[in-house]
Each structure stands twice: as structure tokens, then as C-alpha cells.
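*Asks:* Let me see the structure of the following:
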Amino acid sequence: MSEPLQQFGGNWTDQKLQRLREYLIAYHNALKNSPFKLTYIDAFAGTGYNTPKALPDYQSPLFDDLAAKDTRQFLDGSARIALQTPRPFDEYIFVEQDAERCAELSKLKTKFPALASRIKPINDEANSYLTSLCNSFNWHREGRRAVVFLDPFGMQVSWTTIQAIAQTQAIDLWLLFPLGIGVNRMLPKSGQFPPGWRKRLDSMFGEPDWYSAFYETHSSPSLFGDAEEIAVKRADSSAISSYFVKRLKTIFPHVAENPLPLFNSLNCPLYLLCFAAGNQKGGKIAKRIAEHILKP
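*Replies:* Presented below is the predicted three-dimensional model:
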């Protein structure tokens, strides 16, 4: 049986980056005659190279068997992809919380001297920085447009950050939703959650209603004759994917209908590559382009 990556015609890491590259080129072509100031924002930017990221200690017990080398290598490289596109952005913002990795990002100014003045490595926590940036000025009225790429290892992105991006009405979002590496693994079949897990899922989805969407409850007689509520997981990866897309549609006017599931070499679904556009007018074209790029 062939590995899922073969459906993309090659290494799945390269294919993820290729999709981002294709969109950035198409984005520039669509806006080449516009007066907008264009920004590329890469949160969780790593070193800028396609090298492994360390698995956060607090996630190790949950994601050990998915933390294979090919899984971790999937996460970096997008910063350099953006810098290599034929038409440059007016600025590049690379956010990385780890100080050593952020220092590596600063070296991109030397690697790309013509763009040095436009490259802004930011040593900060991604959610905090992005929320502040989105709220710092009126993107839509000030003629600003941006592409944001969020590629966390697991559950780091909060819904409030996604909301802040949508509210600018000026940002196109590419997001690696942690389908298998995070959410599905945090949904026990019994509905009995370890401490803190439901809160993390609330933060990811921006509401607690995911529970009723993913679980069925029914009454069952207990040993003492009274009835007790039993919860059973009913959601599979497809149902989780559909639910998250519906959530995106509550805050973005345009959301790609065909997010792309991405698998590792063990046939485990890791992420869902999602796209959403915040601008009511221009987002129609952006969505059409993204849906074409997301086709397997």
C-alpha cells in the first residue's frame, strides 16, 4: 500500500511548501497593480530552514508516536519560501518565541541582502504578538493587506488570535489545524477528559459546543439502579475537519471548502491545511485561487 504522500507526487513536506509558494505568487499577481502595502507574516517561523523543531515538553506524553523525524521536519522552511517569491512583499514579519531560533531568522538579512530592510524577526509569543499587531491599526482603511501563515506543532494557536486576524478584513490566513497531532488525540472515546484538556479544546475552537458535536450522550442504569449519563465519541477526522471549517465561516467571509489533510509516513493524519480570507470583496478571488491550489 502506498504512503499518502504519494498522492501529492512527492515528499509531503515539499508539497506543503509548494502550495504556500504557489499562493504567494498568485497573490502578488492578483494585487500587482494595487496601491496596498503587502506584508507576509510567518508565526512559529523556526529558523527559516526546513529543519526539525523540538517537541514541547508539555506535549511529549500525548504526541510521542507522532513526533517522528518526518513529522517535525514538516514545520519549517516557509520563511525562506516567502523571501524567494519573484515579487517581494513590502515587509516580512517572522515571529519565533525561541531566542536562538529567532537569532537564526535574523541571519536571513544576510542571505537576502536586497530584502534586509524589509525583514523583521520578532522574538515573541505568536498569539500575543499577532493579536497586538492586528489591533494596532485599521488594516482595511489604511490600505494594508497581508498573508499570515500559522504552522504550530500542536495546539498553540488560540481562537482569539484567529478572530483578531479575521477582524482586520485585510488578511488571508493559511493555517495548519492540528487535526491528528492535537485535536483528535485529545478526544477520548469515553468522554472522560484529563484535567485541562477541555479548556485547551475550548481555546482552539473558541467555544465549548464542540463537545456536543463530537460526543453522543445516553442514559445507562448504574449499579445502584439510578440512571447515569454516558458519553461516547462519534466524531472522526472528517467530522472534526468539517466542524472547524464551519467555525472559520463564522468569522471569515470566505473559507476554502476543500482543506487538505496531510499525513505522515505512518499514514497518520497530522494536520488540515486550511485557508480563509478576511476581505469581503477581494476574498472571493483569493478563495478560488486557494481552492485550486488545495486540490490533491
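
*Asks:* hey, where'd the strands end up in the stretch 1-150 of the chain?
*Replies:* Taking DSSP state E, counting those that start in this stretch to define them, one finds strands in the stretch 1-150 of the chain at 37-43, 91-95, 119-122, 144-150.

*Asks:* swap in the stretch 151-296 of the chain?
*Replies:* Using DSSP E, counting those that start in this stretch, strands in the stretch 151-296 of the chain cover 171-177, 215-221, 227-233, 254-255, 260-263, 269-277.

*Asks:* Any chance of those strands in JSON lines with mean neighbour count and distance to Leu38 as columns?
*Replies:* C-beta: built from backbone N, CA, C; applies to glycine. Putting these into JSON lines (neighbours: other Cβ atoms under 10 Å; distance: least, Cβ to Cβ, whole Å) gives the following:
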{"stretch": "strand 171-177", "mean neighbour count": "24", "distance to Leu38": "11"}
{"stretch": "strand 215-221", "mean neighbour count": "11", "distance to Leu38": "43"}
{"stretch": "strand 227-233", "mean neighbour count": "12", "distance to Leu38": "43"}
{"stretch": "strand 254-255", "mean neighbour count": "23", "distance to Leu38": "18"}
{"stretch": "strand 260-263", "mean neighbour count": "19", "distance to Leu38": "25"}
{"stretch": "strand 269-277", "mean neighbour count": "24", "distance to Leu38": "14"}
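
*Asks:* any chance of these in TSV, with distance to Arg144 and mean pLDDT too?
*Replies:* Putting those into TSV (distance: least, Cβ to Cβ, whole Å; pLDDT from 0 to 100) gives the following:
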stretch	distance to Arg144	mean pLDDT
strand 171-177	9	96
strand 215-221	42	78
strand 227-233	43	79
strand 254-255	18	98
strand 260-263	28	89
strand 269-277	15	92
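
*Asks:* Turn the ones you listed into JSON lines, including distance to Val245.
*Replies:* Formatted as JSON lines, the strands of the stretch 151-296 of the chain follow (distance: least, Cβ to Cβ, whole Å):
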{"stretch": "strand 171-177", "distance to Val245": "9"}
{"stretch": "strand 215-221", "distance to Val245": "19"}
{"stretch": "strand 227-233", "distance to Val245": "20"}
{"stretch": "strand 254-255", "distance to Val245": "6"}
{"stretch": "strand 260-263", "distance to Val245": "12"}
{"stretch": "strand 269-277", "distance to Val245": "7"}
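
*Asks:* Tell me which of these lies nearest to Ser242.
*Replies:* Proximity to Ser242 (Cβ to Cβ) singles out strand 269-277 among those, at 10.2 Å.

*Asks:* Quick check: can you name the pairing partners of the closest one and their directions?
*Replies:* strand 171-177 (antiparallel), strand 254-255 (antiparallel), strand 260-263 (antiparallel) (DSSP bridges).

*Asks:* Nearest to Gln280 among those would be which one?
*Replies:* Nearest of those (Cβ to Cβ): strand 254-255, 8.0 Å.

*Asks:* Work out the gap between that closest one and the centre of the chain.
*Replies:* With Cα atoms, centre = their mean, to the nearest Å as the basis, strand 254-255 stands 15 Å off its chain's centre.

*Asks:* For it, which outside residues touch it?
*Replies:* 245, 248-249, 274-277, 279-280, 283-284, 286-287 (Cβ atoms under 8 Å, 6 or more residues apart in numbering).
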